Each structure stands twice: as structure tokens, then as C-alpha cells.
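1. got a predicted structure here, sequence first:
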Amino acid sequence: MDDTRSRPQSIIWQKLKIALIIFLPLAILTNGILWIFYHQERETTRDVIKSHAVNMTEIQRLKIGDNFRLIVSDLMFFSSYNQLQNMFEEPELHSTHLVNDFSLFSRGSKIFDQIRMLNETGMEIARINLFEEKPVIVPSEKLQFKGDRYY
């Protein structure tokens, strides 16, 4: 009787051995191939992300450089601007022209949130605020003292 009981078990073990001999190498091979594909895809994705980050950094660097060139260009313009020089000689006569020119500049530029003209003590002589992309001339009674600021 023991022989009849062990016979089905031995058949089961034989079938299991055959299944393991056939499917285990196939499973290992399949997993190996899948790991290679996964590894290649991961490397490709990492390279794409790295390339994108390098490109975005370069674009930002160029954009910042362009903005600084524009700002330096604007400062160079104002440093030799005749109305500014005339303003120091006859402030009452030239202040209206200067404020109007600052307003026109602000409207065209749209880079600066504010344009201020300070006297030697730090009091604002003129200020233009850019509000909703339109320049607004600040009335003289609302001009502020900025002598305690870093600039």
C-alpha cells in the first residue's frame, strides 16, 4: 500500500522537476531580458531629463544675460540723458518734461515696476509706478523719502 501512495507523489515530483527544468530557466531568461530593457529605459530617461535640465539652464542664463544687457543699456541712456542734466540746473522747468519722458519710457519698456528720481538727500523728485502694464505718475504729495535705503 505504501507503494501506491508513493507512486502519485513520485509522479507529482517528476512533473514538478520537468516544470522547473523548463520554466525556471525561461523565467530567469525573461527576467534578465526585462531587467536589461528596464535598465536601458531608466538610463535613457535619465539622459533625457539631464539634457532637458541643461537646456533649460542655458535658456535661463541667456535670458538673464539679455535682461541685464537691456538694463545696462537703459542706464547708459539715462546717464547721458539731457533732461536729467537740465533737471539739476533748473528743476522746476524741466521736472514735468522729465516725468513725462519717464512715463513714456516705462510704457515702452515694461521691465521696471518703478522708476524713481532721487535728490542728493534721498527724497524722491519723481516716481513712475507701472500698474497693470500702464505707467502711473505719482503725485508730488505722495513722493517719499528714501535716504535710509541701500540705494
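-> The structure has been received and is ready for your questions. Numbers count the residues shown, from 1 in each chain.

2. mind listing the strands for this structure?
-> For the chain, applying DSSP state E gives strands covering 114-118, 124-131, 134-137.

3. so how far is stretch 137-151 off the chain centroid?
-> Centroid displacement of stretch 137-151 relative to its chain, using Cα atoms, centre = their mean, to the nearest Å, is 31 Å.

4. ends of it, how far apart?
-> Stretch 137-151 has an end-to-end distance of 21 Å (criterion: Cα to Cα, to the nearest Å).

5. just give me the residue right at the centre of this structure.
-> Nearest residue to the geometric centre of the chain (Cα atoms, centre = their mean): Gln60, 6.6 Å.

6. quick revisit: mind putting the strands of the chain into JSON lines with mean pLDDT?
-> As requested, these are exported to JSON lines (pLDDT from 0 to 100):
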{"stretch": "strand 114-118", "mean pLDDT": "87"}
{"stretch": "strand 124-131", "mean pLDDT": "88"}
{"stretch": "strand 134-137", "mean pLDDT": "90"}
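
7. so which of those strands gets nearest Pro25?
-> strand 124-131 (72.6 Å; Cβ to Cβ). For glycine as for every other residue, the C-beta is placed from the backbone atoms N, C-alpha and C.

8. and the closest one, what's buried?
-> Neighbour-count burial for strand 124-131 flags Glu124, Ile125, Ala126, Arg127, Ile128, Asn129, Leu130 (criterion: 16 or more other Cβ atoms under 10 Å).

9. quick check, nearest of the residues you listed to Leu20?
-> Comparing the buried residues of strand 124-131 against Leu20 with Cβ to Cβ picks out Leu130 as the nearest, at 76.9 Å.

10. does the closest one touch Phe112 like I think?
-> Yes: when contacts are counted by Cβ atoms under 8 Å, Leu130 is listed as touching Phe112 (6.7 Å).

11. nearest to Val138, of the buried residues of strand 124-131?
-> Using Cβ to Cβ, the buried residues of strand 124-131 come closest to Val138 at Arg127, 4.3 Å.

12. list the residues that contact the closest one.
-> Arg127 makes contact with Gln114, Ile115, Arg116, Met117, Ile137, Val138, Leu143, Gln144, according to Cβ atoms under 8 Å, 6 or more residues apart in numbering.
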